[in-house]
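> Got a predicted model here, sequence first, then my questions.
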Amino acid sequence: MAKKQKKAIPERAPTKHQLSKWQRQTRIRRIVIIAAVVFLVGISSWVGYGYYEDRIKPFREVVIMVNDVPFTMEYYVKTLDAYTKGMAPEEIYYMAGDIAKMIADNIIQAEVLRQGAKNLDIEVTTEEIDAKLEEYELPNDRIYRDIISSDLLQENLKEEYFGPQLPDTMEQAHVQVMLAESEEVATELIAEIETGGNFTALAEEFSCNSSIEGDLGWLPRELMPNTLIADAAFNLTMGEISQPIYDETAAKNVGYWLIEVTGRQDEEVEARAMLLGSEAEAERVKAELVGGNFSSLAGEHSQHESKDEGGELGWLKQGDIGSEAFDAVAFNITANEVSEPVKDESVQTAGGYWIVKVIDRGVHQLEEDVKEGLRDKHFNDWFEELKEDSTIENLLDADKISWAVDRVLQGR
């Protein structure tokens, strides 16, 4: 007997109440999903914006402009990294200000040089740069290529442009020079030279500027150490010795202290002092102290940084001033008595008297070292003029420098 087939149960149509409930639930789910998506997009955007603001945007910021050529923070950071390789982090932090200025100056000078060389049709080839990178074992990236290119451009400019312009002969003077600490010493030295004293031997013993002393050989006017010496060299007659020529800007490797100790306790002294440019000046100022005021005389005559405080140095331990000659007197003299002038060759003072003797003068062959000096001077004069005529903007400040240093150190 055949089985009975079950009747199909017809599906019930949802009621209006059920439809309304389902629609509400669907709308709620849709709203939740949309809200979640919006929230996630917002979070991602916020994180991305923060990352962009902190990590990307600062690198793209222009921090140096040279005649409308921009250099970004990224370039500056990479250059800073290249120049500080091998330096300890604490050393970089300690010298951050000086290093930052040096790096900015290098970037500026390299770009000014590149533009100037281009105007003179002087260039550096890719092969020259590659060879130097290989020689110095440096990475082949833009920063190192720019550094090498700048060095090579300077060499090429001197050798290919400024060197060939020099003549073989020029009017020159053969002179001997020394710097005396005072007019009194200069007068005594001139008298000794005129009676047969050896100029170079006396210069070695008494000259106060070791970088400009003795026999300078044959030099053209523009390579003379300064205009005072040049004027004497090309105006005196041959064999003549100049009178003492005062130069208030001359740097001397000697000074004279007048020291007074006003108090003592344990291994410290309370002191005031003046630093004078010559023994004769120190003697004159000490004589004025008899009826004068130490503070006012220090403010008028001293070349030490304490002059603005009337020479007051406060309480000192040995070594605080950085002068053995000072300590030898300050920690041994009687209190409230001004010392005799104390000679100190570890300090530098300004002002002195040049003595110039002309050995010979005339048109003379340029020696190789003189040619090199002239070439370098002409290059430097050209570069300084070029830099002066350039529009340069250095937009780095303390915060940007600190940020750049942090980025360099984080990358190591």
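Cool, got the structure. As the structure is a computational prediction, the values presented were derived from the model and not from experiment.
> Tell me which helix or strand K357 sits in.
Taking DSSP states H and E as the criterion, K357 maps to strand 349-365.
> buried stuff in that strand?
Within strand 349-365, the residues that count as buried by 16 or more other Cβ atoms under 10 Å are 349, 351-359, 361, 364. The C-beta positions use only the backbone N, C-alpha and C, and glycine is treated the same way.
> Quick check: buried residues in stretch 68-79?
71, 73-79.
> for stretch 246-258, same thing?
Across stretch 246-258, burial judged by 16+ other Cβ under 10 Å covers 247, 250, 252-258.
> how about the nearest residue to L120, chain neighbours excluded?
Leaving aside its chain neighbours, L120 sits nearest to Y161 (5.7 Å; criterion: Cβ to Cβ, 6 or more residues apart in numbering).
> what does E128 give?
Leaving aside its chain neighbours, E128 sits nearest to L152 (5.5 Å; criterion: Cβ to Cβ, 6+ apart).
> repeat for E340
Nearest one to E340, counting by Cβ to Cβ, 6+ apart, is K286 at 7.7 Å.
> what separates that neighbour from Y353, distance-wise?
Distance of K286 to Y353, computed by Cβ to Cβ, to the nearest Å: 21 Å.
> What segments of this protein are strands?
All strands of the chain, identified by DSSP state E, fall at 62-66, 69-72, 169-180, 214-219, 245-252, 255-265, 268-276, 312-316, 342-344, 349-365, 392-394.
> mind putting the ones you listed in CSV, mean pLDDT and distance to E194 included?
CSV is the format used below for those (pLDDT from 0 to 100; distance: least, Cβ to Cβ, whole Å):
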stretch, mean pLDDT, distance to E194
strand 62-66, 97, 56
strand 69-72, 97, 60
strand 169-180, 98, 13
strand 214-219, 97, 18
strand 245-252, 96, 16
strand 255-265, 96, 27
strand 268-276, 97, 29
strand 312-316, 97, 43
strand 342-344, 98, 27
strand 349-365, 97, 10
strand 392-394, 97, 53
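> who wins for proximity to L374 among these?
Evaluated over those, closeness to L374 peaks at strand 169-180, with 8.2 Å, by Cβ to Cβ.
> Can you mark which positions in the closest one are buried?
170, 172-180.
> repeat for stretch 154-166
For stretch 154-166, burial by neighbour count (16+ other Cβ under 10 Å) applies to 154, 156-158, 161-163.
> what about that stretch, start to end distance?
End-to-end distance for stretch 154-166: 17 Å, by Cα to Cα, to the nearest Å.
> can you list the residues that contact it?
For stretch 154-166, contacts defined as Cβ atoms under 8 Å, 6 or more residues apart in numbering pick out 113, 117, 120, 122-124, 366, 371, 374-376, 378-379, 382.
> what's the offset of that stretch from the middle of its chain?
Averaging C-alpha positions (Cα atoms, centre = their mean, to the nearest Å) puts stretch 154-166 26 Å from its chain's average.
> same question for that stretch, mean pLDDT?
Average pLDDT, stretch 154-166: 97.
> ditto for stretch 288-304
Averaging pLDDT along stretch 288-304 yields 92.
> buried stuff in that stretch?
Residues of stretch 288-304 classed as buried: 294, 297-299, 301-304 (neighbour count, 16+ other Cβ under 10 Å).
> In TSV: the residues you listed, plus distance to P139.
As requested, the buried residues of stretch 288-304 are exported to TSV (distance: Cβ to Cβ, whole Å):
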residue	distance to P139
F294	60
L297	60
A298	55
G299	55
H301	56
S302	52
Q303	48
H304	48
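> which of those residues sit farthest apart?
Spatial extent of the buried residues of stretch 288-304 (Cβ to Cβ) is set by the pair F294 and Q303 at 15.6 Å.
> Spatially, what comes nearest to the residue most central in space within the chain if we skip its sequence neighbours?
When Cα atoms, centre = their mean is applied to the chain, the residue found nearest the centroid is M102 (5.8 Å). Distances taken as Cβ to Cβ, 6+ apart put Y83 closest to M102, at 7.4 Å, once the chain neighbours are dropped.
> got it, and E283?
Closest to E283 by Cβ to Cβ, 6+ apart is P341, at 6.2 Å.
> Relative to G239, how far out is the one you found?
36 Å.
> With neighbour numbers in mind, choose between these two.
Higher neighbour count among P341 and G239: P341, with 21 against 9, using other Cβ atoms under 10 Å.
> Please list all residues in contact with the more buried one.
Residues near P341 by Cβ under 8 Å, 6+ apart: 256-258, 276, 279, 282-283, 286.
> What distance do you get for it to L202?
From P341 to L202 the distance is 22 Å (Cβ to Cβ).
> go on, D231?
Between D231 and L202 the computed distance is 22 Å (Cβ to Cβ).
> Comparing the two, which residue is more hemmed in?
Taking other Cβ under 10 Å, D231 and L202 do not tie; L202 has more neighbours (21 against 15).
> Pretty sure L189 is one of the things the more buried one touches, is it not?
Yes: applying Cβ atoms under 8 Å, one finds L202 in contact with L189, separated by 5.8 Å.
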